[in-house]
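Undergrad: okay, predicted coordinates and the sequence, questions at the end:
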Amino acid sequence: MKRETLLPLLGNFTRREEYPYTLLQRTCHSSFVAQEISYADCDGTSIEATILIPTNLDLEKKHPTIIACHQHANQYEIGMGEPAGLCGNTDNTFALPLLEAGFVVICPEHIGFGRRRVYRDGVAMAGRDGERWLFIQELLIGRTLLGKALEDLYCLFEVMIQLPYVDTERIGIAGHSLGGMMSFWYALYDKRIKAVASSCGIGPLALLQERRINHNLSMYLPGFLNHGDIEELFDLISPTPLYLTFGAHDPIFPSEGSLLLCERAKKAYTQVDHLDALITEVTDDGHGYTDQKQKTSVAFFLRWL
């Protein structure tokens, strides 16, 4: 699959010349400071992200920075605070070991979650109804929900590179589940990303359809399977350093699909002589960003950023 074939499937988006931002509330925690920041998404709507800064970090210097993408889990009320343990699942606080290692971590909020939920008559739409509405809304204007999410991350990146303590040459991205999918796709979408860790986020779409396994609605692009499948995207993301991890007992990503992706990734990175930049694994667990996987992520980012 070629990049010029893939990108139009995401939809057409108009970019601005400037990406202003406003710093909001700042809260001190035991090992980090949480700084909220407001900026505009790709459609000009004001949204927020949370910047996590390790306590006592010298902000006069530039530091490697990780974009931490939260999961889905059908928990639409939970958003950007989960990776830092400010809300949600305490087992998915993968930002904390990154902070302990000295990284600045920025947590965006995906559309449809947290403060970006869809409201009808002043009430948040229940379950997947809001996500379904967003998916349809994007299709009706010739775009996709995945494209919208990626372009929103692009807006965040443009804001990040203005922050005086962010090293623009050392920005990575990490995430689990929906966040793992977004991390993988954004590293492919924006080649300024220097390293990516993706946990339980992608699978061959043909296999998922064959097994009748539904996923989040950002996973689907009209006409995608006419051009190939997910395994072909490794040719586009390589040689960007990649940590790709799956669970062998993940109920929503069959292990044979995960093994296929690992082998295809190795082939792609071997072809560009950068197999050293790739870590792939299918571990004996399920759908989770385990403590060991978080430790591997930290070591991975320390090496490449």
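TA: Perfect, I can see it now. Numbers count the residues shown, from 1 in each chain.
Undergrad: all strands of the stretch 101-250 of the chain, in order?
TA: Taking DSSP state E, counting those that start in this stretch, the strands of the stretch 101-250 of the chain run over residues 104-107, 119-120, 123-124, 166-176, 195-199, 242-247.
Undergrad: any idea which of the ones you listed is most buried?
TA: Most buried of the strands of the stretch 101-250 of the chain by mean neighbour count (mean count of other Cβ atoms under 10 Å) is strand 195-199; its value is a mean of 29. To be clear about C-beta, it is placed using only N, CA and C from the backbone, and glycine gets the same treatment.
Undergrad: got a list of contacts for that strand?
TA: For strand 195-199, contacts defined as Cβ atoms under 8 Å, 6 or more residues apart in numbering pick out 94, 172-177, 179-181, 183-184, 186-187, 237, 240-246, 288-289, 293, 297, 300-301, 304-305.
Undergrad: same thing but 7 Å
TA: Contacts with strand 195-199, where a contact means Cβ atoms under 7 Å, 6 or more residues apart in numbering, come from 172-176, 180, 183-184, 187, 240-245, 289, 293, 297, 300-301, 304-305.
Undergrad: circling back to that earlier point, dump the strands of the stretch 101-250 of the chain into CSV; add mean pLDDT and distance to residue 255 as well.
TA: Shown next, in CSV, are the strands of the stretch 101-250 of the chain (pLDDT from 0 to 100; distance: least, Cβ to Cβ, whole Å):
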stretch, mean pLDDT, distance to residue 255
strand 104-107, 97, 30
strand 119-120, 94, 39
strand 123-124, 92, 36
strand 166-176, 97, 17
strand 195-199, 98, 15
strand 242-247, 98, 7
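Undergrad: could those strands be laid out in TSV, adding distance to residue 256?
TA: TSV is the format used below for the strands of the stretch 101-250 of the chain (distance: least, Cβ to Cβ, whole Å):
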stretch	distance to residue 256
strand 104-107	33
strand 119-120	41
strand 123-124	38
strand 166-176	21
strand 195-199	18
strand 242-247	11
